Each structure stands twice: as structure tokens, then as C-alpha cells.
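Chemist: just need the structure, nothing else, for what follows:
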Amino acid sequence: QVQVVESGGGLVQAGGSLRLSCAASGRTFSSTAMAWFRQAPGKEREFVAAINWSATRYYADSVKGRFTISRDNTKNTVYLQMNSLKPDDTALYYCAVKPDNGNYFLTSTYDYWGQGTQVTVSS
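Modeler: Okay, here's the model as predicted:
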């Protein structure tokens with residue numbers, strides 16, 4: 001089993017920044033993909049960003065140029081630096097982990113999820 005724990009959410013004004021962290025522990029894989037998804041009230045969970053084992057990054061169009069995903073394999077940790085935040089970025093942000101087998105954009109392909117961390121951007 002893999003435990004996934006997010007941290008770093010909070011309340012910020014529009015134009016501000018936040019940095020989310022996600023640590024995975026427990027069972028380890030030879031290679032992992034790690035991703036961030038988010039879910040706003042009344043909406044489906046959506047892809048935000050992913051990073052694979054070789055550190056290739058993928059982003060949703062809505063966050064390109066504003067968010068940066070990175071990872072530290074020695075700590076099994078992934079980060080999401082969020083800049084120029086907008087009220088539309090308000091959501092519960094989830095970290096997801098899986099063996100790296102491609103298909104980074106779909107929630108159904110991820111095996112392990114955190115409980116989520118709330119990000120609220122005020123206008």
C-alpha cells in the first residue's frame with residue numbers, strides 16, 4: 001500500500017502564489033508517475049499537471065505558464081508551484097501516484113490518492 005499526503009494549501013489573493021507538496025510512502029515501485037488534479041464544487045475532478053519518472057512534465061492548458069511541477073525522487077515527493085493564481089484556481093487539490101505506464105491525464109489510471117488540500121483564491 002502507498003500513503004499519499006498533501007500539504008501547502010491555503011487562502012491567497014488573486015495574483016499570489018502557493019506551493020503544494022505531496023509525499024508518498026509505503027510500497028515503492030521501480031518507477032512512478034506523480035500528478036496533481038483538482039476538483040471545484042459541483043465540478044468533476046480535472047487534470048492539472050503530471051511528472052513522469054524521467055521528469056517529463058505535462059500541464060493542463062489552463063495552468064501552463066503559471067504552474068510548475070517538480071519532484072525529488074530521493075524523498076518520493078512532488079511539488080506544485082502555483083503563481084499568478086486566479087479565483088478560477090479555487091479547488092481541492094489532490095495528489096495522485098501510480099507506476100509509470102503512461103496515460104498521465106486520466107483520474108482512472110492512478111492507483112493512490114491523497115485526501116486533498118484546499119486552495120482558495122480570493123478576488
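
Chemist: in this protein, which residue is most central in space?
Modeler: Nearest to the mean C-alpha position of the chain, by Cα atoms, centre = their mean, lies Trp36 at 2.0 Å.

Chemist: so it makes contact with Ile51?
Modeler: No. Counting by Cβ atoms under 8 Å, Trp36 sits too far from Ile51 to count as a contact (9.3 Å). Any C-beta I mention is one placed from the backbone N, CA and C, and that applies to glycine too.

Chemist: what touches both of these two?
Modeler: 69, 78 (Cβ atoms under 8 Å, 6 or more residues apart in numbering).

Chemist: helix or strand for Ala24, which one?
Modeler: strand 18-26 (DSSP states H and E).

Chemist: pLDDT at Gln1, what is it?
Modeler: Looking at Gln1, its pLDDT stands at 85.

Chemist: leaving out the residues flanking it, which one is nearest to Tyr104?
Modeler: Leaving aside its sequence neighbours, Tyr104 sits nearest to Ala50 (Cβ to Cβ, 6 or more residues apart in numbering; 3.9 Å).

Chemist: surely the one you found forms part of a helix?
Modeler: No. Counting by DSSP: H, G, I helix; E, B strand; the rest coil, Ala50 falls outside a helix, being strand.
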